[in-house]
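pasted the sequence and its predicted model underneath.
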Amino acid sequence: MVKVVYKYNVATIVNKPTQGIRKAMPYWYHIGNKSTLVSKYQNKWGKCQRTTHGIKTVNDMVCHIGKSRNQWCQETEECECPSCEDDRLMGCDSPLKCRRDAALKLDNLRPEWDPRKWPEDEPDTNGPRGREDPPEGYKVARRLGHSPPGDLTELLRIFTDPEVPIEDHVLREYRTPLGTTPQSQEVVSVYTDGSCSENGTRNARCGSGLWYETADPRNRAVRIGLGESSNNVGELAAILVAVQTHTDVKQIRIATDSQYAMDALTMHAEDWADDGFVDTKNGGNNKSPPGRNPDRKSTGHD
């Protein structure tokens, strides 16, 4: 199994851990450790936590700390509450010191992985982040990679780049949260279209267009270069250009007559992304618009 892991560059990649995932993660040699540990694994209490208390997961460590918070615990070396007595009977030299060190052990984790720093019931961040519903006829584009994982097996990815630190894959929304970059406008509305001459042939050539309003200097036509050409590619490229153009706005309202583009960026986006766009027609084009900036909200109109 270890050989397979190294052969195919298996890595644990997480975009948004839930409280359940944070607690279920194996504690020892956690992927979310800080570069410098607050409490060393091999100190006296680390050995006690592993061998005497059988701590394996982050939740085990949280529960161990919580023993000192019961109504009978005096948090002294002489405490005779049931939790302290049970720990002594198991062979723990000092339940008080062991639990205090357990708190330091959790301090080894970066904030996004520490369950103590998050509410038990977290809001769904795959939606519009508390903003108003989109106008009638519009749909909210899916934010790829933001559906919370159901269990630890959903965190594993193969063919990853071993040169990229794991933390570079984790929680982009916490490193660049919405609102940290000055934004010039709340909403931009744009009409997009794509077309292709000699569609379906080797000589196919496609292009895209963006239209805001009459005589608006932002109106533009885009010629698609070499590569796959079709009507759908033109439609998707127009949406991509719109997203790339407006990196300084919170919301983009994109009006398109392409049902294919609408479905690709709404109902199919998440499933295709989970499959790595393998065997997805126009996969490279489909993953670009939502992947260009998954932490911002886009809406589309059919």
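Looks like it arrived, so ask away. Numbers count the residues shown, from 1 in each chain.

for the rest of this, base every contact and every neighbour count on C-alpha atoms.
Noted.

mind giving me the packing neighbours of the helix or strand harbouring residue 61?
Using DSSP states H and E, residue 61 sits in helix 58-66. Contact here means 3 or more Cα pairs under 8 Å, 6 or more residues apart in numbering; DSSP states H and E; on that basis helix 58-66 packs against helix 19-24, helix 95-106.

what pairs with the very next helix or strand once past the last one, parallel or antiparallel?
This points to helix 95-106. Sequence-wise, the next helix or strand downstream of helix 95-106 (DSSP H and E) is strand 138-140. Strand pairing for strand 138-140, determined by DSSP bridges: strand 297-301 (antiparallel).

which helix or strand in the chain has the lowest average pLDDT?
Least confident helix or strand of the chain, by mean pLDDT, DSSP states H and E, is helix 172-175 with a mean of 41.

may I see the buried residues of the next helix-or-strand element following it?
Per DSSP H and E, the first helix or strand lying C-terminal to helix 172-175 is strand 185-197. Buried residues in strand 185-197, defined by neighbour count with 16 or more other Cα atoms under 10 Å: 189, 190, 191, 192, 193, 194, 195, 196.

dump the residues you listed to JSON lines, plus pLDDT and distance to residue 119.
Output for the buried residues of strand 185-197, formatted as JSON lines (pLDDT from 0 to 100; distance: Cα to Cα, whole Å):
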{"residue": "189", "pLDDT": "92", "distance to residue 119": "36"}
{"residue": "190", "pLDDT": "93", "distance to residue 119": "38"}
{"residue": "191", "pLDDT": "94", "distance to residue 119": "40"}
{"residue": "192", "pLDDT": "93", "distance to residue 119": "41"}
{"residue": "193", "pLDDT": "92", "distance to residue 119": "44"}
{"residue": "194", "pLDDT": "91", "distance to residue 119": "45"}
{"residue": "195", "pLDDT": "89", "distance to residue 119": "48"}
{"residue": "196", "pLDDT": "89", "distance to residue 119": "51"}
